[in-house]
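A.B. asks: From the sequence below, what's the structure:
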Amino acid sequence: MNYFRISIYLTFKNFIRSFLNLKVSENKIEKLITKNSKKKNFIVTSQLRVGFLILLKYLKKQYPKKNHIIFQPFNLPEMINVAKNSGFKTEFTELNVATGNPNLEKIKNKINSRTIGIVITNIFNSPETLINLRKLCNKRKIFLIEDNAIYFDNFFYKKKKKYFSGSFGDYSLYSFNIMKNISAFFGGGVATDDNYFKNYALKEIKKYGPFNKLILFKQIIIFLFLKLISYKIIHKIYIQFLKISHTSKFFLILKVVYPSLKFKKINFPSFYFTKISSLAKASAYLQLMNLNQRQKNHHIRKIKNIYYYKLFKKLKIKNVKLFEIKDFNFQNFIDFPILVKNKEKLNNYLLSKGIETKYIYYQDCAKIFAKKQSNSVSKNSKFFCDKIIGLPTHSKITRNYMDHIGKTIKNFYDR
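C.D. replies: Sure thing, here's the model as predicted:
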C-alpha cells in the first residue's frame, strides 16, 4: 500500500490545452475570482507575493506615516521578507495552540497609531476568527489583508448565505503556484474593492518585463517530475530516497521537497518584477472555469478530512492532538493537520513504512525575523513548527490507506 502524498491539480489534459489558450485575457480570470471573493476587482500577478509587494508599495504611498504591520509568526518567511524590504516594521501575534487561530485580544494590544493593517494567513482559521478580525479592523480603521493561498474555494454559511474565504479582507491574496488547488506553475493576484489600488497596480505591472522563461521551464520540469512520482513503482524509489535524505539531513534534497527551507533574507529578486506568463494564465483559467471539478475536489478533501478526524478521535492516541474544527466546508485542508510528539522520529518511522507526510508547513518567522518577541509568541510559533505534520487528502487516497496511516502512527507510539 503506497501513495504519493501530493496531488497536482493541474491535469495533463489542461496542461496541453493551456498551449492552445495562451491568449486568454486577464479579465476572464478576474470575472471568475470576483464571483468567489465578492470583490469588484482582481489584479493578476506573477505570484501571490508579487501582488503583496505591489499592495505594500501602494499603501506606503497612500499612508506614509503608517509603517507597522502585524503577522502570524507561523508563516511563509518570504511574506515577512516582502514587508521588511518594503520598509515596514513587522510584529507577530500569538497563536492559540488548540485552534491555530490568532489571539484577537493580543492583536488589539499590538495595534497602534502607525499600524497599517493585519495580515491574516488562512492556515487553520475558523469563520468566527475572520468575522471578528473584520469587525476589529473596521473599528480600529486599519486594513485586513487576507492571505488565501491554501483556502481557495473553502466556504461557510451564515443565515443561509454562502461566504467564501478571501471575501473578508480589504485586500485578499491568491496563489496559483504549482502546489495549490488552482495549480498553474506560477501566478496569483489581489482581490479588492479599491479601484485606486487597481489602477495603481496595473500601471506598476505595465512597467514589468516578461516572466523568466528559464524559471518557468524549471517549474514545468518539476510538474512533470511530480506527476511521474505518483506512479507506484517510481514512488517506492522516491520514498526510500526521501527517507535517506531525512535521516542523513541531506538538505540539498530536502530543499527541493520543501521549498520554504531555501529561504534567505535577501532583497527582491529580479523575477518578482515580471508579468504572469501566458502559460500560467491559461492553466489557471482552465481550472477556474471548471466549477464542477473544483466543487468535486473540495468535496473529496472534505470527506477525507472528516474521516481522518473521526479516525483519530476513535484511536485516542495520547501523543496525537487534533485542531478544533467547527466547519469542514471552511476548514477544508489540502493536507489534514495533526499535532504530534517526537515529530522527526515519527516521520522517519512512517517513511520506513512507505508513508509520506507533509513534514514542513511553514516556518517559525518569529525566530527568523524578531529577536525581541514575547516568550509566548516565540513559544507557540516554535510549538507549531515542532509538532505539525499533514496527512494526504487527495482523490487517490483510500479509506483503507487512511486506516493504515492511523494504525501505523498508533503502533509508533505504542512501541
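A.B. asks: mind listing the helices for the stretch 151-300 of the chain?
C.D. replies: Taking DSSP state H, counting those that start in this stretch as the criterion, the stretch 151-300 of the chain carries its helices at 195-206, 213-229, 232-247, 251-257, 278-288, 291-315.
A.B. asks: Select from those the stretch with the lowest mean pLDDT.
C.D. replies: Across the helices of the stretch 151-300 of the chain, helix 251-257 has the smallest mean pLDDT, namely a mean of 79.
A.B. asks: Could you name the helices and strands sitting against that helix?
C.D. replies: helix 232-247 (3 or more CB pairs under 8 Å, 6 or more residues apart in numbering; DSSP states H and E). C-beta coordinates here come from the backbone N, C-alpha and C atoms, glycine included.
A.B. asks: my read: F143 touches F168, true?
C.D. replies: No: assessed by CB atoms under 8 Å, F143 is found out of contact with F168, at 11.5 Å.
A.B. asks: which of those two has more neighbours?
C.D. replies: F168 (23 against 20; other CB atoms under 10 Å).
A.B. asks: so what's the more buried one up against?
C.D. replies: Residues near F168 by CB atoms under 8 Å, 6 or more residues apart in numbering: 120, 130-131, 133-134, 144, 146.
A.B. asks: now these: which count as buried?
C.D. replies: 120, 130, 133-134, 144, 146 (16 or more other CB atoms under 10 Å).
A.B. asks: From those residues, pick the one nearest V44.
C.D. replies: E146 (17.3 Å; CB to CB).
A.B. asks: Could you measure from that closest one over to F168?
C.D. replies: The spacing between E146 and F168, counted by CB to CB, to the nearest Å, is 5 Å.
A.B. asks: just N380 next, same as before
C.D. replies: N380 is 23 Å from F168, by CB to CB.
A.B. asks: Narrow the contacts of F168 to those in strands?
C.D. replies: Per DSSP state E, strands hold the following members of the contacts of F168: 120, 144, 146.
A.B. asks: Look at the nearest residue to K162 once chain neighbours are set aside and say how many residues are nearby.
C.D. replies: The shortest distance from K162 to any non-neighbouring residue, by CB to CB, 6 or more residues apart in numbering, is to F155 (5.5 Å). Neighbourhood size, F155 [other CB under 10 Å]: 18.
A.B. asks: Pull the residues that contact whichever strand or helix holds R17.
C.D. replies: R17 is located in helix 12-18, with elements delineated by DSSP states H and E. Helix 12-18 is touched from outside by 223, 227, 279, 282-283, 286-287, with contacts defined as CB under 8 Å, 6+ apart.
A.B. asks: go on, stretch 204-223?
C.D. replies: 8, 10, 15, 43, 45-46, 54, 57, 178, 185-186, 270-271, 273-277, 279-280.
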